[in-house]
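Trainee: quick one, what's the 3D model for this:
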Amino acid sequence: MNKAQIKTNLNNGFKNGFSVSFKLIKTIIPFYIAIDLLNHTRFAKVLGDTLSPFMSIFGLSGKMSLAIISGYLVNLYAAIAVLIPLHPDWKEVTIVGLMTGIAHNLVVEGAILHKTGMNAFLTISIRIAVSIFAGISLNLLFKVIYG
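Mentor: Take a look at the predicted model:
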């Protein structure tokens, strides 16, 4: 490779890197701010208390449902942005990460599945069911290992 090719490759790499970083920032910052503000409202407490019994099967607090829903509907970066102001421990991060890694960005991916002729509802339902099963299983595994 000559100097001109190296310069072109580096230039393209920096442009692509900044482009991807900007897209991530556009997702993460608004979610982080929204959840941080929501955390200081009565709604967050009511939501957490309401969803706490369901979320306890995953070993999560009720507020962690916001991270899972964000990951399911938007993407993994939205889930991460929601997690940060909730101050989760490593077990919670791992469980939410597993669940949203299995079922994420369902709105966009559902539309793509539909356009390809697949049954989007069935595929999304299976991904959510597997995600829930995996979250419960990992929580049980953590209980066995760590008490």
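Trainee: can you pull the phi/psi pair for the closest residue to I102 other than its chain neighbours?
Mentor: In space, and not counting its chain neighbours, I102 is closest to S131: 4.2 Å by Cβ to Cβ, 6 or more residues apart in numbering. C-beta: built from backbone N, CA, C; applies to glycine. S131 adopts backbone torsions of phi -60, psi -50, taken as degrees, to the nearest 10.
Trainee: and the gap between S131 and I95?
Mentor: In this view, S131 and I95 are 10 Å apart by Cβ to Cβ, to the nearest Å.
Trainee: what's near enough to touch R127?
Mentor: 102-103, 106 (Cβ atoms under 8 Å, 6 or more residues apart in numbering).
Trainee: can you tell me which of those has the most neighbours?
Mentor: Counting neighbours by other Cβ atoms under 10 Å, A103 comes out on top of the contacts of R127 with 23 neighbours.
Trainee: from S131, how far out is that residue?
Mentor: A103 is 4 Å from S131, by Cβ to Cβ.
Trainee: please apply the same query to I80.
Mentor: 16 Å.
Trainee: ditto for L66
Mentor: 16 Å.
Trainee: over to K115?
Mentor: Counting by Cβ to Cβ - K115 and S131 are separated by 23 Å.
Trainee: the two: which has the busier surroundings?
Mentor: S131 (22 against 9).
Trainee: for the helix or strand that I35 is a member of, buried residues please.
Mentor: When secondary structure is defined by DSSP states H and E, I35 falls within helix 3-38. The neighbour-count check on helix 3-38 (16 or more other Cβ atoms under 10 Å) flags 27-28, 31-32, 35, 38 as buried.
Trainee: and for stretch 59-73?
Mentor: 59-68, 70-72.
Trainee: so I132 makes contact with L98?
Mentor: No. Under the criterion of Cβ atoms under 8 Å, I132 is not in contact with L98, lying 10.8 Å apart.
Trainee: run through this structure and note the low-pLDDT ranges.
Mentor: Along the chain, segments meeting pLDDT under 70 are nowhere present.
Trainee: helices along that one, start to end?
Mentor: Here the chain has its helices, by DSSP state H, at 3-38, 42-55, 64-73, 76-86, 90-102, 106-115, 120-146.
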